[in-house]
Every structure is written in structure tokens, then in C-alpha cells.
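> For reference, the sequence and a predicted model appear below.
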Amino acid sequence: MPLHHHLSKGRAIARTAGDHASDMFAPLSVIGRGLRHHADWARARWQDTPKERRGPTLFLAAAMAIGVYLMPHGLLFALVALMASAAWAGRSPKAPGAPAGPDVADVKLGALYAALTPYLCGPEDANPLYRFEGSYRSAFSAWEFDGEGRLARLELSYPAYFTDTEPTARARIEQVVQGKAGRAREYRFDWDEESNRLRITALAPLPADIAAQRFVAAPGEIVLGFTDEDGTARTIPVVRGGTTVQQPPVVWRTGPRSSEPHLLALGVTGYGTSGLLRSIALQALPYADLVVVDGAGTGEHACLVNRPGVHTVETSLHGALAALEWAAEETERRLAALNAARYAGSAPPEDVTRPLWLLLDHPTELGELARAEGRTDPQDLLELPLRHGRAARVTVAIADDLEALERITPTVRATTRARVVLGPAGPDEGLAVLGAPLDIAPAAHAPAGRGYARIGNGAPVRLQVPATVDPLDDEAPAPLRDAVLALLPHRDGRTGAAAVPPRPEHPPTVPPIDPAAPARLVDLAKGEPMIRSRPIS
């Protein structure tokens, strides 16, 4: 018989014997792995235990051991329980040759605990919850990571002496948490002041690909954008990516029964305040008349020029003052007509019940120009429409830069109770614009139209404005431009989505025309714009 045949037969016998031996000793190897796991866990817990607690811990362990010994069959039960737990802990061995890497929770939560310690550790605390070289398990009660290893949820305790009622102290803790958990996402911070607990939740990004469209809303309801599911109890169907889905909207209700009849939207440059005004204009046009003032003079609203229902689109100071003077007198005329109809017991005329919208984009720039020329600030002409607009069916929506907050007049601030802030606003900016502290930390980078909204006395909610681009901007995506063009009314009273109701005929009171001002048309009864738009010279 050849030698190689004997060698192959010997290898087969040895392999079979090894398989039988491994099957025979497999339970012992499983229990051995479990015992090593228990020993490593006990060693780690002992190292994490502070020195002042090690004595009581040893005393408690000895007491438990004595109690088990004194119990009938206590040692037997303890041995069986130890073997069972060891078998369970050692049931899944690591791959051969794979080094035991650190747990993602130990690494990230340990770093977060160390970063919070300087802010939550009291120098005179005899038993501090946060201590240097301490364990995060003493302060963090629950946590969760997503599939990518990023922190998704965390619940922690903080000392009772921490000033959790001060916005500055809260903002400092929120900044530390966001820096360690990742600034690419938004986080909601739920401060439970009664139990000294903080719950942190990473928020999913809002959909930024919803284009302008005809939303399902009643007349007088404006969909400012979309928010989280827990931000509203309502959903509406929207077309997103070619399919119809349900999305929770942020609805602003206007009209004579609204408690928040006017809107103020401020934002960081480039985050879509002009797009928000375009979205509001497209939703209001089917049932209202518009007066648009573009204070920046960039032509963002040129697509509305000579459209049915649009009285004027003004970009010059002279035109803006004339338009707002007419709006103030029109508000007064409507109030007089409504009061006369109420005293006569008859229905009010149709020309005073059709809503009138005043949309102002960057009016503070025109205000600076007016002060330089010694003329009236356009914001001062808004006092009558703002204070009596709800009764006269006049709604004012103002958009401006966040840096222009100090230049907004007190009347505008006091009467615009629907607020929007767009862009990564900090705690101070959010409080100044919305009138309430934000419990959400904004992401470092956000798409255009992302921000926060607060209607009246409600809580601030996240907001994503629909993508309403300028259809005359060649750099904008063609599908988004086509969506806006489909909603604009045409001279025959048609739009791509719905017909525009006929405008009522009423002779408005027109202010005196300055001979030095640009040429204007005042034939409103025929549906022509009151003022022909011209850029600022």
C-alpha cells in the first residue's frame, strides 16, 4: 500500500477525532467563554466604581454571599444560575483572529460624558453625578444608536443645582451635545425640570423636494410648509417625486376670524424668504388681490407683473409709497363700507369682502432709502392695514433679512403674530423672532427653505417651505420653474391647476400722483395693474 495512502487515512482519522472532541467539549468552551465575559464585566465595573463606594460594594457582595450560603441548597442554586448565565453569555464566540474592538456606546457616550462634566460638576458636591474619570452609566439612563452608529436618542440626568431655567445655560449644554453627536442633524431637547432629566432626540430630515403645487386647503388657509408628524394633527396629499404622499403641513389661517392675521418672516440670506412670499402669492391668487413691494429690487417677483389679481409689483421707493398709501386708504374705505352695511342690515358689497394681500419683500431697504431722501418709511404706512386689516379683509405678509430685525418698526413687530425664521438661527435669534425659546438645535448646513414657524401662542415647529423658485431664473431647475408657471394665472383667467375667480369691480381711492414719479396705470376696474413696475433708479 502506498505511503501517501496511509498519510491521507491518518489525517482523516485525526480530523474525525478532533471533530468528536470539539463536539464533546463544546459545552465546556461555551461556559468558559461566558465565565471570562462575566469576569471582564466584573473587573470593568470594579474599575468604574469610585473609591468611596468600593467598601460598601464589598460589604453588600459579602452579605449576599452569606445569604446564599445560609439558604437551603443555596450554593447549588447559585452554581446552576452561574453556569446558565455563563452558557448564555458565551453562546456566540467572536470570529477567530478578530480583535475585540471597543463598543461604540462606550466610545461616544464616554466622550459626551467627559465633555459635559465641566458644565454639570459642582465643586462643592459631595456625591457628584458628573466627575472626572467617572462612568457615563451613572448619568445616562437610556440611549439608542442608528444603523450608521450615530446617536439617535439619549436620556440623561443632571444635578438639581444646574440652572435649567436659564436659556444661556441650556444653550451651552445643547451646543456641547450637538458637537459630540454630530452637527449635520437637528436635535430636539426636552428638558424635564421637575425630575432633572434631559431627553435628546435626533430628528429625521424634512422633505426638501416638494415643489410648488395646489395644496388641499380652504380659502384663507395658507400652507407655509411641512413639518414633523408630531408638529400637527393634520396631513394633506402632496405630489412628491411623481407620487402622491401624505405630509403634515404648517397651516396659517387668515381672514376676519383669524387671531394671527399678519405674518413676519425673517431669514438668513439665501434661505428662501422670497420663495416663501412667492408660495403665499400663488396660494392667495385664486381668491384674493395682491399688492407686491420688492424692496430689494432684484426682480424676484417679476413673474407676477401684469397677472390677473395682481394690482402691482413695485420695486421703486416712489411706487412703493404710492401703493401703500392706496392700500391704507383702501383699508379705510373697506371699513366704512362694512360698517355701513352692518348698520343697514344688508350684505356688504362684494368689492370689500374679496381679500386683499400686501406682500412686502425687504421693506427695510426701502426704509433706509426713504430716510436718506427725507420721505416716509414704507413701514409707517402699514399701521392702518396691520391694526384694522383683519376686519377689512386685508392681510400683510413681510419678509426680510434676519439682520434687519432691529430695523423692523414696533408696530410691525406687535401686529405680526405669525412668525417664520429661515436658516440656521441660533437660540438668541430664534427667541427674538419667534418670541419663544427653540427646543430644537439647528443643523450646521440646511437646504433652502428650512427653518421654524410659530403661529400665535403655539409652540415653535420645524418648517420646510415648498420649493417655489423664480420661474424667470434660468439657473433654477426646469421642473421647479414649470411647476410655478403652471400655478400663475393668465390673462384668460386660467392656470395650470385651477381657474381664477373674476375680480370684483370697485373704484379704489387713488392717492395723488407725483409728477416726478414713474408712469402708473390706475384703471383697476378693468383688471389692469395700478402701478407699472420699474426698478430702482
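That came in fine, so what should we check first? Numbers count the residues shown, from 1 in each chain.
> what mean pLDDT would you report for stretch 190-204?
Mean pLDDT, computed over stretch 190-204, is 93.
> what does that stretch contact?
141, 146, 150-160, 162, 164-165, 170, 173, 177, 181, 185-189, 228, 439-440, 462 (Cβ atoms under 8 Å, 6 or more residues apart in numbering). In this view, the C-beta of every residue, glycine as well, is placed from N, C-alpha and C.
> so for stretch 294-302, what's the average pLDDT?
Rounded mean pLDDT across stretch 294-302 is 90.
> Which positions within that stretch qualify as buried?
Buried residues in stretch 294-302, defined by neighbour count with 16 or more other Cβ atoms under 10 Å: 294-297, 299-302.
> Now it - C-alpha only, CSV.
These are the backbone C-alpha positions of stretch 294-302, laid out as CSV (Å, rounded to 0.1, in the frame of the first residue of the first chain):
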residue,chain,number,x,y,z
ASP,A,294,-40.0,94.2,-3.8
GLY,A,295,-37.7,96.4,-1.7
ALA,A,296,-34.6,94.6,-2.7
GLY,A,297,-35.2,95.4,-6.4
THR,A,298,-33.8,92.1,-7.6
GLY,A,299,-36.8,91.1,-9.7
GLU,A,300,-37.7,88.1,-7.5
HIS,A,301,-41.4,88.7,-8.1
ALA,A,302,-41.3,89.9,-11.7
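> centre of the chain versus it, how much separation?
Averaging C-alpha positions (Cα atoms, centre = their mean, to the nearest Å) puts stretch 294-302 27 Å from its chain's average.
> Would you agree residue 276 falls within a strand?
No: under DSSP: H, G, I helix; E, B strand; the rest coil, residue 276 falls outside any strand and is assigned helix.
> Quick one: neighbours of the closest residue to it other than its chain neighbours, just the number.
Excluding the flanking residues, the one nearest residue 276 by Cβ to Cβ, 6 or more residues apart in numbering is residue 465, at 5.0 Å. Applying other Cβ atoms under 10 Å, we find 32 residues neighbouring residue 465.
> Residue 465 touches residue 223, doesn't it?
No: if you go by Cβ atoms under 8 Å, residue 465 and residue 223 don't touch, sitting 9.5 Å apart.
> Overlap in contacts, these two.
In contact with both residue 465 and residue 223: residue 279, using Cβ under 8 Å, 6+ apart.
> Show me what the residue nearest the centre of the chain is bridged to.
Centroid-nearest residue in the chain, with Cα atoms, centre = their mean: residue 462, separated by 2.5 Å. Beta bridges link residue 462 to residue 452, judged by DSSP bridges.
> any idea how far it lies from residue 327?
Distance from residue 462 to residue 327, counting by Cβ to Cβ, to the nearest Å: 33 Å.
> could I get stretch 208-215 in PDB with only the CA atoms?
Backbone C-alpha positions of stretch 208-215 (Å, rounded to 0.1, in the frame of the first residue of the first chain) are rendered in PDB as follows:
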ATOM      1  CA  ALA A 208     -36.900  69.300   0.600                       C
ATOM      2  CA  ASP A 209     -38.100  68.100  -2.800                       C
ATOM      3  CA  ILE A 210     -41.800  69.100  -2.600                       C
ATOM      4  CA  ALA A 211     -42.400  71.500  -5.500                       C
ATOM      5  CA  ALA A 212     -45.000  74.300  -5.600                       C
ATOM      6  CA  GLN A 213     -48.500  72.900  -6.300                       C
ATOM      7  CA  ARG A 214     -52.100  73.500  -5.500                       C
ATOM      8  CA  PHE A 215     -52.400  72.300  -1.900                       C
END
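> residues of that stretch that come out buried?
So stretch 208-215, judged by 16+ other Cβ under 10 Å, has buried residues 210-215.
> Please export the C-alpha coordinates of stretch 324-341 as CSV.
Output of stretch 324-341 as CSV, limited to C-alpha atoms (Å, rounded to 0.1, in the frame of the first residue of the first chain):
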residue,chain,number,x,y,z
LEU,A,324,-49.0,101.5,0.3
GLU,A,325,-50.9,104.9,0.5
TRP,A,326,-53.6,103.4,-1.7
ALA,A,327,-53.7,100.3,0.5
ALA,A,328,-54.2,102.4,3.6
GLU,A,329,-57.0,104.3,2.0
GLU,A,330,-58.5,101.1,0.6
THR,A,331,-58.5,99.7,4.1
GLU,A,332,-60.3,102.7,5.4
ARG,A,333,-62.8,102.6,2.6
ARG,A,334,-63.5,98.9,3.3
LEU,A,335,-64.0,99.6,7.0
ALA,A,336,-66.5,102.3,6.2
ALA,A,337,-68.4,100.2,3.7
LEU,A,338,-68.6,97.2,6.1
ASN,A,339,-69.8,99.4,8.9
ALA,A,340,-72.5,101.0,6.7
ALA,A,341,-73.7,97.6,5.5
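> Could you give the average pLDDT over that stretch?
For stretch 324-341, mean pLDDT is 95.
> neighbouring contacts of it?
291, 293, 347-349, 351-352, 356, 358, 378, 381-385, 388-389, 391-394, 508-511, 530.
> Would you list the phi and psi of residue 398?
phi -120, psi 140 (degrees, to the nearest 10).
> Could you do residue 266 as well?
Dihedral pair for residue 266: phi -120, psi 150, per degrees, to the nearest 10.
> Now for it: which residues touch it?
Each residue near residue 266 by Cβ under 8 Å, 6+ apart is listed here: 273, 399-402, 404-405, 420-422, 433.
> Quick one: the helices in the stretch 401-537 of the chain, in order.
With DSSP state H, counting those that start in this stretch, the ranges of helices along the stretch 401-537 of the chain come out as 410-415, 427-434, 478-487.
> averaging pLDDT over each of these, which comes out lowest?
Ranked by mean pLDDT, those end with helix 427-434 at the bottom, a mean of 86.
> helices or strands next to that one in the packing?
helix 167-181, strand 418-422, strand 450-455 (3 or more Cβ pairs under 8 Å, 6 or more residues apart in numbering; DSSP states H and E).
> Need the winner for burial among those.
Ranked by average neighbour count under the criterion mean count of other Cβ atoms under 10 Å, those are headed by strand 418-422 at a mean of 26.
> What pairs with that one, parallel or antiparallel?
Short version: by DSSP bridges, strand 418-422 pairs with strand 263-267 (parallel), strand 450-455 (antiparallel).
> Just the mean pLDDT for it, thanks.
Rounded mean pLDDT across strand 418-422 is 95.
> next SSE after the helix or strand containing residue 371?
If you go by DSSP states H and E, residue 371 is part of helix 363-373. Tracing the chain past helix 363-373, the next element assigned as helix or strand by DSSP H and E is helix 383-392.
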